[in-house]
Each structure stands twice: as C-alpha cells, then as structure tokens.
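Fold the following.
(chains A, B, C and D)
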4 protein chains.
Amino acid sequence: MIIVLKNNQTESKINEFKEYLEKKYNVGIHVSVGRDSVVLGLIGDTSAVDEDSIRAQEIVQEVKRVQEPYKKANRKFHPDDTVITLENGLKIGDGSVTLIAGPCSVESEEQVTEVAEAVKKSGAVILRGGAFKPRTSPYAFQGMGADGLKLLRLARKRTGLPIISEVMSVSQLELFEDVDIIQVGARNMQNFDLLKALGKQRRPVLLKRGLANTIEELLMSAEYIMSNGNENVILCERGIRTFETKTRNTLDISAVPILKKLSHLPVFIDPSHAAGIPWLVEPLSMAAVAAGADGLIIEVHNNPAKALCDGSQSLTPDMFDSVVNNVKKIAAAVDRKVSVFKAAVDI
Amino acid sequence: MIIVLKNNQTESKINEFKEYLEKKYNVGIHVSVGRDSVVLGLIGDTSAVDEDSIRAQEIVQEVKRVQEPYKKANRKFHPDDTVITLENGLKIGDGSVTLIAGPCSVESEEQVTEVAEAVKKSGAVILRGGAFKPRTSPYAFQGMGADGLKLLRLARKRTGLPIISEVMSVSQLELFEDVDIIQVGARNMQNFDLLKALGKQRRPVLLKRGLANTIEELLMSAEYIMSNGNENVILCERGIRTFETKTRNTLDISAVPILKKLSHLPVFIDPSHAAGIPWLVEPLSMAAVAAGADGLIIEVHNNPAKALCDGSQSLTPDMFDSVVNNVKKIAAAVDRKVSVFKAAVDI
Amino acid sequence: MIIVLKNNQTESKINEFKEYLEKKYNVGIHVSVGRDSVVLGLIGDTSAVDEDSIRAQEIVQEVKRVQEPYKKANRKFHPDDTVITLENGLKIGDGSVTLIAGPCSVESEEQVTEVAEAVKKSGAVILRGGAFKPRTSPYAFQGMGADGLKLLRLARKRTGLPIISEVMSVSQLELFEDVDIIQVGARNMQNFDLLKALGKQRRPVLLKRGLANTIEELLMSAEYIMSNGNENVILCERGIRTFETKTRNTLDISAVPILKKLSHLPVFIDPSHAAGIPWLVEPLSMAAVAAGADGLIIEVHNNPAKALCDGSQSLTPDMFDSVVNNVKKIAAAVDRKVSVFKAAVDI
Amino acid sequence: MIIVLKNNQTESKINEFKEYLEKKYNVGIHVSVGRDSVVLGLIGDTSAVDEDSIRAQEIVQEVKRVQEPYKKANRKFHPDDTVITLENGLKIGDGSVTLIAGPCSVESEEQVTEVAEAVKKSGAVILRGGAFKPRTSPYAFQGMGADGLKLLRLARKRTGLPIISEVMSVSQLELFEDVDIIQVGARNMQNFDLLKALGKQRRPVLLKRGLANTIEELLMSAEYIMSNGNENVILCERGIRTFETKTRNTLDISAVPILKKLSHLPVFIDPSHAAGIPWLVEPLSMAAVAAGADGLIIEVHNNPAKALCDGSQSLTPDMFDSVVNNVKKIAAAVDRKVSVFKAAVDI
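Have a look, this model is predicted:
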C-alpha cells in the first residue's frame, strides 16, 4: 500500500504517523522523501489495513492499494486451479465444462423428475431447483421450502444427479446438510452472517455475484467463506445492473477471464438470469465457454408458461438440448470436454 | 395491467388464456379487439400477478403494469402521512425534521457517551451506533456485537436519546428487543427472511435502499415488513452505485419527493454514506431538507482519525453542529421545524 | 402504440384527443372501453409519434410503444442480412468473420506500414488507424490529422488492405472521400449533424455504440444515417460504462445476438476499447465470435510502450496472431469462415 | 503522479525509464527505493502526462495521479470565483442565483414571446429556447433552425432578456454570433471539435454534463474551451444515466458542491432534463440552490400538451412562478439573492 502525505508535514508528524501505522497494522514502513511530497510504502501483509481509515487521517492526501485485499481466494498464493470433487466423484474446475440445469423452483414431484430426466439426457450433470425463493414481492410464490428440498432429493435418487439449491438464511442451513452444492443468491452476496456460517460447514458453495457488486467484492465475499474454513467455493457471474433495458441484466463476460486470472476458484456463468430471455441463453452460453467459463447453470422447465416463477426466462428441454450441442462444439474447439454423468458407483 | 397479445390469435386461444388468468389470479378481464391486435385489461387487485409469468406465455407480446405492485406502502390506499411515535413521545414523519447522529460503530463507553452528549447538544434527537458491522472484508473490524448494544443502551440511559442500530440477521433480532429503531442496511434490503421477521416484531424499522435497488424495489421491501404486520417503516435513501467515482455513491435526491408521492412512509437521507466525504455532508443535508426529507442520519465521531470504521466519512462534533445550524435555516425557510429533544417524562 | 387514459374521462374529451392524434400523426385509432379505463390503440406507422409528447397530455396515464421506432434498420422490414461489399470485393456481413486491426493512431510511415504488414500476415483484412483522435484532455496527442490519413493511404497502397479511420466532424468529411470505411466514435454516436452528413455520402460507416447509450439508441443513430440515404452501416459494440472498475468498460456481449435479431445490419465488437487490457482481447474476441459477431476491430501496435495513444490496450503483432488463431477455431466450430485477404484484382 | 514499478527491476532499467519520462514529459523524477518496490514521483506539470501510456510500459505496476489533469478550470490556480458579465450587465456566478427559463424548442413568434413575458414576470433573467434540437429519432421534430434563432432574438428585443440556445455543430456557430450564451448539450460534451471552436469565439458557453460522463471529464471538456481562449464557461449538471427508471435521469446533486470546490466556474442545474417530470422540478430546484448552485435552467411552455418537443417535462408559467417563489425562500435562508432583471441601459 502506498500512502501519499500532504505537502509540508513536519518530520515529527510524519514519524508519529509512521509509528501509529506500524503498531496498529503490524507492517513495516518505508518512507521516501521527494521534493514536494512524502510517500510511505507499507511492507508486509496489508489485507487487514482499512484504506478508509487511512484516508481519514489529517496528514494523508492519497492512498493506493497495490496488494489485493484477499488472500485465500488469491491465485498469487495458490497458483493451481481449485478442483472441487462431489460425492459421486464429479470434478468441477478441472478444465472440463460442467452443466447444471433444472427448474427455477421445484413445483411438484412430476415436474422436477420430468425436468431432471430431460436435462440429464441432454448432458446436465447436476440438477438445480429452488426450494426457498427470494422474490421482490411478498405476494409472489415464495417456493415450496423444505418440501421442495425433499422433492429435489427424490429426483436425485431417481436420476443419480447431484443437486444444488439456494439457501436464504442461516436458520435454513440445517435443511441443506445433504445438498451437494449450496447456492448463495445475488441478493445475499453480502449477507456476511450467512457467508460465515457457510464457511463453517463442509458443502461446496456456489456464490453468485450481486447485481451491483464489483469483481473485487465478489472475491471478498468468497474470502469470508474461505477464511472461515470452507475452501470449496464456485464463483458465478449472473449479470450486473446497468442502464440497458433490452436484457434483464448485463452479462459481464469479461468477469470470466478476470476472475480466472485473479483467483484459482472455478468460475460459472448463469445465462438465464443474466439475459432474462430464453433464446439468448444459447449464444451467451457459447460465449461463456469461449471466454473460459468452468460451467453453466441454466433454468429449464418442462412447461415454461406454467412455471410458478421466472417462467419467462426458462428453456424447454428441447432448447436446452440445442444449447448443450452448441456448447460442446465450442468446448471441443478449445480442446475442452463437457463433463459427463458420474454414477455414484464411480467413487 | 394491460396485456397486448400477439397478432392473429384464434378466438378459442384468446378465451383459453382469458380463463386461465381469471382463475389463476382471481381478476376480471376486459378484452378489446383492435384491427391488428387484441388487448386485455385486468380488473381488480393485480399486485399478486407475476408480470414475468405472463410474459412467458406464448400468446403474449407485451405486458404493462398500470397499478403499483405494492399496497400497504402505497399512498393511494393510505393518503395520510404515517407518523411514528417512539416511546419517549418523539414523532417521526409529522412534518418536522428528525436528526439522527452518532458513530459508525460503538467502540467504547467513553467514545459513545462523548459522541452522544455532543450530538444531543447540537440538536440530534436519536443516537445511532453500529454494534454489528457489515464489512466487505472478513479481516476488517466487525463491530463489538452484543457488547456494543450494551454500551449504546448505557448512552441512552445517560442522555435520554432513543437509539437506532443495525441488525444483520434473524438470529440477532432478540438482542434488539429494546432498541428504539432497528436499522436494515443497504446490503440486506432484499434479505427477505430478515424483512419477514422484522414484520413480526413491534419496533419501527429504518430500511435503507440497496446500492443497486430501484425505488420500486425499496417499496416492495417495505411491503414485506408491512404485510407481515409492522407498519412502522422509515425509508432511507443512502446513495446508489453509478459510474461516478468522486463520491462513494451517488445520492439520488429525486428519490425523496418521489417516495413521498408514492408512499405515506417517512423518508430519510443518509448523507454520510452517500458521499463518503465529510465536508459534503453539510450541502447534501441542506439539499435533502429542501427536497422534503423527513430526517437525516449522520455519522459523527469524537475523533474520526481514530475511528475503527468509516472514519473517512465521519464528522467531528463541530462539523455536525454547523450542519444542524444550516439545516435549521433551510427548514425554517419552508416552514418546517427541526425536532427537539423529548425527555421520556413527556410521554 | 397503446395509450391508457386516466380514469373517468368524458366521452367528448376522449373524442377530442382521438381526433388530435389522428390529425397530428396520420394514424388510425382503435378505442376500447374497459370497466375502469379506456385504452387507445394506434394503428399505422407510429415511428414518428413522440411518446414524450403523448405523455404530456393531461388525459394520458400511460404510454406503451409496441412497434419499434426504427424502420430502415429493422429486420422486420428487411429480413435478409445486409452484406456490404468494399471496392476490393471484400464482403462484410455475409456470414464470415471480418478482422480489422491496426494502431490506435497513425504515428509515422514506418509504424503504420510495419503494423499493416504484420496484421495482414496474421489474417486482418482491413487496416484501422486513427488520424483525428478524440481525447479527453486538450493536452493529449490529438492525432496527425490529414497527414495521418495520407500515411494510412500509403499503407493501403503497399499492402492492399482497405482502410478504416474515425471522422470527428462534418468539416473533416471531405478528407475521407477515399477512405474505405468511415468510423463514428462512441462520443459522436449522437452527433446528429455528423450522422446526417454521413447519410448523404456513399462510404460504409462503422458506428460505435456510445458509452451510455442503449441498444435502441444505437439503432436510432443508424436510422439517422440510413434515412438520409446510406444503408451501409456496421454496428459496433465497444463496452458500456458501469460501476465495475477492473475493466475500462463493460463489454455488453448480449448486444450481439440482440442486435442481430432486431436488425439486419452487420454487428462488430471492439474488444480493445471494451477491455482496456491487452490480454483480455483474446478471450473477449473468442466470446464475441461465439455469440455471433460479424467481425472484430482490434488495436495492434508494433511497440505498445511507445504508442502515442492507448498504448496500454494495444496488442503486439504476436499477441494478435494468437487471437486470430483462436478466433479461427471458434469460427470453425460454428461452421463459419474467417474472411481472407482480397487483392483488388479480384473485383 | 506516483508510479509504482514492478518488483525486481535492474538499476539500468529503472534509469532508462526515468530518462524516458524526463525527456518525453519535461518533468523531474524522484526515485524512492523501498524494500520490495520502487516508486517514482513525477515533479512539475503532469497535466500532459498520459496515464494510459505510462501504464503500457512493461516496467510499470501501478500509476496514481495526484495532481488534477486540468489547469485553467482548476480552483487551485484560480481561487476566486469566475463571474461572467453579459452585455446587459447581468452577472453570473457572483453569489446570486440566476434563473434561466423558456421553451424546450422555439415553435412560433406567439409561443416564444408569450413564454418569455411570463417567465420574465416570474423572475427569469435569461430566456432559453431551442432552435436546433438533438433528437434521438430522425423522424422527430428537429427544431426550426435559423428561423428559431430569429424568433428568439425577437423575443429578446421585446422583453430585454438575454438569450441562450444550443449549438450542435461548428458549421452552425456563425448563426450564434449575437446569442448571449451558447449552450453545448449533453450529447456533445465530448464533441471536441465543437469545444475547440467555442474556445476561439467570445460568447460565454453553458456546458452540459454528458449522461455518462464523470465530473472530471466535464472539467476536462471545460478545459478544451478555456485552453483555446474562452474562459467564460458555465458548468451544468443535468442528470446522469443510472438503472433507476422512475426519473428520466438521476440528478447528481453532489456534483454541485464538488464542482464548486474543484473549480472556480459557475455551476448550474437543469432540473427539467434531470427529472423528466414537471412536478419534480420544484423540489429539485430548491435542493439545487440549497446545495449551492449558481443558477437553474428550466423548461417552461405556455401549453405543454401542445409542445413540439419534451412537452412531458415542461412547466406551465404558473408552475414556474411557484418554483421561483420557493427558490427565493431557500436562497434567502442561506443569505443569497435571486438575480433580478437588468435592462440593457444598466450597462
């Protein structure tokens, strides 16, 4: 961290500030005196140094962080890709492309089973399904709750597909004990109590980027989970909020290569929420894989017009089948494989 | 709600869709047949109708909501301003300007008492202080927790000022039982489980707008609290995230008159978080009152340079005193009063 | 266009408004009377109807445009893709991927020739080079002007590559008479006088999307050029301004499939300006082609560190060579070709 | 400017880079060697140093500008407020509040005269009126052009009010020779050729901030005009583009105090374009003056429903009268005056 002091400071004031920093943050300080300004360089681990607090000091003109504020999620300290292995042996982040698909919300045994079988046939290797649904309106369908999770487990039993579902609060966590991947939604990306609790359990976490959160904030939220003990985090870009209205959100495709460079964690794309328009899912999925994404999470419904939530962005099983075929072509072009189904006996 | 159908639909398809809507949403439907297109008008309470789900229907071209999706928070159904009365008799939203001030986080008995006495002297009538702090970094100071709330209660006892503090999760709620106003931070504006729980308790809630949330979403989050039983909600604009970097966030001053028009709830401004720069708090506070805000919530620290969080945006007690003086001038110009301290005996 | 009237209007007021609309905009009106509200449907060409002016009418509650406000650029009225043929016979928008490359600004004969030869060897079929440079600072290098265009023509003569360069004002246009494609920069996307003038000349125009302009506004700016007589317009997405700071701008990859669906015009991506970071150009280029882009425009410099402008985002010739190889793989995967050099004798 | 070099550079490489900087930018360099990193401090005038070009150097890790990149517009080098005196003696930026009002576009002699007389009566001291209109759609009314300017001059003759109108291109400038203030619209804020031309003529310029332009970019555009010889620039905030849709744009009220601090130029607010909603103009005008704005520019039409452009945001003369009354109250509260009409004989 580089701190530029205001002009014309006395030597004693500078020394006082230097000692304050050394003591408070346990860092070394290198002072360099220029003709007009004095620059302090902080040496050591500055991830706990609060830029804001430094900026509040009377003596300070500018602060510039050079080191990233995250450690566990940082590729610098962990050069190899993190590979997450599910109970059935499926590997995520090993270079292959992982396809997750399923309905926005679990609605009935028939619905979830039918969708699960269809997406498995097309090439999905993990089943998604919402049980607890974060809805803008208190009057909208809020999900089936614990019963939804039961139906999801049933679909897992029938198809063998591992399952992923979204948790909305710490108190729900006990219901997710045997869910293969726990999802944190965009609105909860900075629900720090939830992140801490997820760090203290052992299930992998798929962490979605908030609508207005920066790439660095996403990594800091991953850091919350990792620094509490759980290093199995999957990052997921799902569109950010901008002024453009033709799409529900703006997919930040650049986030994929940037996250892969800054971090060792797997990076997924959710083209369904990013676009909000079914036919856009295919080109965005292809772009995501071309840009290096480790996987995709896609909403599929056996009857989108009857879906209890987000129907307008769900694919039919046929549309999903076409997406998979095209994603396979792109993956092959860059010498990558699309993951195939693992029966639990493979373990 | 107006639904424009795609061209060239058969009469039987239109009827089928009409019946589906009537049954699913319990609304009346008026069909108007134009030369090229058919328009359906939904009659009755459409707040539970999911636009998204309508848009997913094969037959639909466009959907336009005419009625607002919120009811409890809607001025149409509640023309009079909501006035919230605290236990000491202080009224919020009665036309006067309410000043809340205090440190970002409670750090020690001395600090919180000293700040409380200073802001009371200048004109604040409610004391703010963070006990649980939502911080981007897991390595930053996370607040004193329950001990912080104790110190805040102590400061209340000494000064008589009602207190406000931020809750971060449902499990913390029991600690807030005697806190006069419970604050929901910007990052938790769509933590729906927390909103529901706040709806089921009796303390007034100050609900901050999320960084990337629209005015309508803010009202929908208020609706979550209100529809669960608690109608004492204060809305608070605290800056939105934009491309401008000279300020931490962009204060959306227009939100004040718009929220006052759409809703009967009191509207506050938090100029400290909006700006992120101490000297900006004064002009923004003056602008907020000129635009019609019911109150302000301002960070004040006895020693900003030593603050454990957000020091760079805190005012000194002297600066706060100047803000109050200028706010009083603006309030007087538009025939409004700045609320004065109520000792509990007033009740 | 659907116009919802306010409740409880008298029949005579409705008729008066109906006649006003019919007369002013030469459209038919279909009135449908519901239980609570009256809806007018405008029949005919509504592209000249000003939504804003309708909304200003006392009687109006809501306006909803159903028809797009652009005609010439609209795929509905021109289902086939527009294919632009340059003088050397090179076709743009015919399904193949067109690569444009070259330096941000022309700096010397040696520089532009060296870059031109390098990018041609790698696979670029059009040479880009700035002569007039729009710079945020009046103190920054403003380009070589007319001399830059001369050097660009010289490079064209030596390599046979058609050239593209940016025009900044109507008065410069005469200097661009023999430039193969005229570029309009993001900052001038709504310089309507320039757009009109470009509509009255015969050279193809590459129109860049403004930093804060919607997809619809981009199409409306294309409409300015086309409605003035020049239908050879190439649309170019180059990143929009958002809150994210890791990239200079946020590439709106969804704009590619959406523009291809709404319009028949070729759609290009400028990954250099979108990212502002050299190593990001490769994954973004691959994503762009996977999403369906008709071409790419990329900055290449023989010595980026010595570039007089935008050096920090320029590729070296070697990096560009790698981009081309990877773009070819993606194109092949989706059965598309990358355009190859056309010597003028091919015509 | 502070430049942080990458780790482990040889001394000769550092020296080579130091010499390159000294020579290219004519600055002094102070080298400070820390334990891990080397920091260069640039001494002297760095406004012409291109950050981007520095960042492109292999040896550079980070660049941080300490000095602002603008000089003429910088309050540091010009501590006193700029006061602009019009031909009739009216002073802008002298501490009083200047009210500009008039129709969006000039439509007829009757219209412009009627509006001029009404706004003069209420307290406007300058008449606005559009002759050349930048419209998103080529099919919308584009203004009366030169004839509109003639009618505006006629209204000036009748009322004595100085006039302001928007110029859209360099070629139109000669028509504006006797227009009292020339306006540059938001879409042309970075039309650098136009800015240069405006710098070479003598009329004051009101420069509107672009929808997606930062405060610093606005000052850099002012710098284009000023460095070309014309120091009479008025800065105007008119709303920026964000995700919020309840208002047309988001008024960045913080821009007022920030611009006043960074620059000595007068700062105006255009509440009409910021809001896009007539009734919002009043509270926003009051907030603008409370925040320190030097003036307001407001759209008024004698018959908004019949306006040929932007009718939906225009005030009636009665509404404007109310705005003026409330603005006067706010101004009085902070010891400021609202400018009163100056007959030309005052000079």
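
Identify the residue of chain A closest to chain B, quick one.
Nearest residue of chain A to chain B (C-beta to the nearest C-beta) works out as A:A212 at 2.7 Å. Every C-beta, even on glycine, is put in place using the N, C-alpha and C of the backbone.

The lengthiest helix in chain A - contacts with which helices or strands?
Longest helix in chain A by number of residues, with DSSP state H as the criterion: helix A:317-333. Secondary-structure packing of helix A:317-333 (3 or more C-beta pairs under 8 Å, 6 or more residues apart in numbering or on different chains; DSSP states H and E): strand A:98-102, helix A:109-122, helix A:281-290, strand A:295-299, helix C:317-333.

what residues does it touch?
Under the criterion C-beta atoms under 8 Å, 6 or more residues apart in numbering or on different chains, residues A:97, A:99, A:101, A:115, A:118-119, A:121-124, A:278-279, A:281-282, A:285-286, A:289-290, A:296, A:298, A:300, A:302, A:315, A:337-338, C:290, C:329-330, C:332-334 lie in contact with helix A:317-333.

before we move on, what about stretch A:217-228?
Taking C-beta under 8 Å, 6+ apart as the rule, stretch A:217-228 contacts A:68-74, A:189-190, A:192, A:195-196, A:198-200, A:205, A:207, A:209-210, A:213, A:233, A:235, A:259, A:262-263, A:265, B:136-139.

could I get the helices and strands packed on helix A:317-333 as CSV with mean pLDDT, distance to A:Q9 and mean neighbour count?
Conversion of the helices and strands packed on helix A:317-333 to CSV gives the following (pLDDT from 0 to 100; distance: least, C-beta to C-beta, whole Å; neighbours: other C-beta atoms under 10 Å in any protein chain shown):
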stretch, mean pLDDT, distance to A:Q9, mean neighbour count
strand A:98-102, 98, 55, 27
helix A:109-122, 96, 64, 20
helix A:281-290, 98, 51, 28
strand A:295-299, 97, 53, 27
helix C:317-333, 98, 45, 19
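
Redo these as JSON lines? Include distance to D:E51.
What follows is the helices and strands packed on helix A:317-333, written out as JSON lines (distance: least, C-beta to C-beta, whole Å):
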{"stretch": "strand A:98-102", "distance to D:E51": "40"}
{"stretch": "helix A:109-122", "distance to D:E51": "49"}
{"stretch": "helix A:281-290", "distance to D:E51": "31"}
{"stretch": "strand A:295-299", "distance to D:E51": "37"}
{"stretch": "helix C:317-333", "distance to D:E51": "22"}
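
Nearest to D:G239, out of those?
D:G239 sits nearest to helix A:281-290 of all the helices and strands packed on helix A:317-333, at 31.2 Å, using C-beta to C-beta.

what's the closest one packed up against?
Judged by 3+ C-beta pairs under 8 Å, 6+ apart, helix A:281-290 is in contact with strand A:267-269, helix A:271-275, strand A:295-299, helix A:317-333, helix C:255-262, helix C:281-290.

go with 6 Å
For helix A:281-290, the packing partners by 3 or more C-beta pairs under 6 Å, 6 or more residues apart in numbering or on different chains; DSSP states H and E come out as helix A:271-275, helix A:317-333, helix C:281-290.

wait, is the residue of chain A closest to chain B part of a strand?
No. Counting by DSSP: H, G, I helix; E, B strand; the rest coil, A:A212 falls outside a strand, being coil.

Now do the same contact list for it.
Contact analysis of A:A212 by C-beta atoms under 6 Å, 6 or more residues apart in numbering or on different chains lists A:R241, B:L211, B:A212, B:R241.

Roughly how far does it sit from B:N213?
Per C-beta to C-beta, to the nearest Å, A:A212 is found 8 Å from B:N213.

Then A:I126?
With C-beta to C-beta as the criterion, A:I126 and B:N213 are 30 Å apart.

Show me where chain A has its helices.
So, for chain A - with DSSP H - the helices run A:11-25, A:51-55, A:109-122, A:146-159, A:192-199, A:215-227, A:255-262, A:271-275, A:281-290, A:317-333.

Now render these as a markdown table, adding distance to C:Q183.
Compiled in a markdown table, these are given as follows (distance: least, C-beta to C-beta, whole Å):
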| stretch | distance to C:Q183 |
| --- | --- |
| helix A:11-25 | 50 |
| helix A:51-55 | 40 |
| helix A:109-122 | 43 |
| helix A:146-159 | 52 |
| helix A:192-199 | 46 |
| helix A:215-227 | 30 |
| helix A:255-262 | 26 |
| helix A:271-275 | 29 |
| helix A:281-290 | 24 |
| helix A:317-333 | 30 |
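
thinking again about what came up before, CA atoms of the longest helix of chain A as PDB?
Extracted C-alpha coordinates of helix A:317-333, given in PDB (Å, rounded to 0.1, in the frame of the first residue of the first chain):
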ATOM      1  CA  PRO A 317     -35.900 -29.300 -22.600                       C
ATOM      2  CA  ASP A 318     -35.500 -29.100 -26.400                       C
ATOM      3  CA  MET A 319     -34.000 -25.700 -26.300                       C
ATOM      4  CA  PHE A 320     -31.600 -26.900 -23.600                       C
ATOM      5  CA  ASP A 321     -30.600 -29.900 -25.800                       C
ATOM      6  CA  SER A 322     -29.600 -27.400 -28.500                       C
ATOM      7  CA  VAL A 323     -27.600 -25.300 -26.000                       C
ATOM      8  CA  VAL A 324     -25.700 -28.400 -25.000                       C
ATOM      9  CA  ASN A 325     -24.900 -29.400 -28.500                       C
ATOM     10  CA  ASN A 326     -23.500 -25.900 -29.300                       C
ATOM     11  CA  VAL A 327     -21.600 -25.700 -26.100                       C
ATOM     12  CA  LYS A 328     -20.000 -29.000 -26.900                       C
ATOM     13  CA  LYS A 329     -18.800 -27.600 -30.300                       C
ATOM     14  CA  ILE A 330     -17.200 -24.600 -28.700                       C
ATOM     15  CA  ALA A 331     -15.600 -26.700 -25.900                       C
ATOM     16  CA  ALA A 332     -14.200 -29.000 -28.500                       C
ATOM     17  CA  ALA A 333     -12.700 -26.100 -30.500                       C
END
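
just the angle between it and strand A:98-102, please?
170 degrees (axes from the mean of the first three to the mean of the last three C-alpha atoms, to 10 degrees).

which strand residues sit across from the residue nearest in space to the middle of chain A in the sheet?
For chain A, the residue sitting closest to the mean C-alpha position, by C-alpha atoms, centre = their mean, is A:L235 at 2.6 Å. A:L235 has these beta-bridge partners by DSSP bridges: A:L207, A:V267.

before we move on, back to that, tell me which of the helices of chain A lies nearest to C:E87.
Comparing those by their distance to C:E87 (C-beta to C-beta), the top pick is helix A:281-290, with 32.2 Å.

what about A:G160, neighbour count?
Counted with other C-beta atoms under 10 Å in any protein chain shown, the neighbours of A:G160 add up to 17.

Near chain D, which residues of the stretch 51-200 of chain A? Just list them.
Those residues of the stretch 51-200 of chain A that sit near chain D, judged by C-beta under 6 Å from any C-beta of the partner chain, are A:E62, A:K64, A:V66.

check contacts around the first one.
Contact partners of A:E62, counting by C-beta under 6 Å, 6+ apart, are A:V4, D:V66.

ok, 10 Å please
A:E62 makes contacts with A:2-6, A:37, A:39, A:54-55, D:2, D:64-66, as judged by C-beta atoms under 10 Å, 6 or more residues apart in numbering or on different chains.

same question, A:D45
Counted by C-beta under 10 Å, 6+ apart, A:D45 has contacts A:Y25, A:N26, A:V27, A:Q67, A:K71, B:Y139.

Of these, which one scores lowest on pLDDT?
By pLDDT, A:Q67 ranks lowest within those, coming in at 80.

Could you tell me how far it is located from A:I2?
Noted for A:Q67: a distance of 10 Å to A:I2, by C-beta to C-beta.

and these two? which has more neighbours close in?
A count of neighbours by other C-beta under 10 Å puts A:I2 above the other of A:Q67 and A:I2, at 21 against 16.

Kind regards, and thank you for your time.
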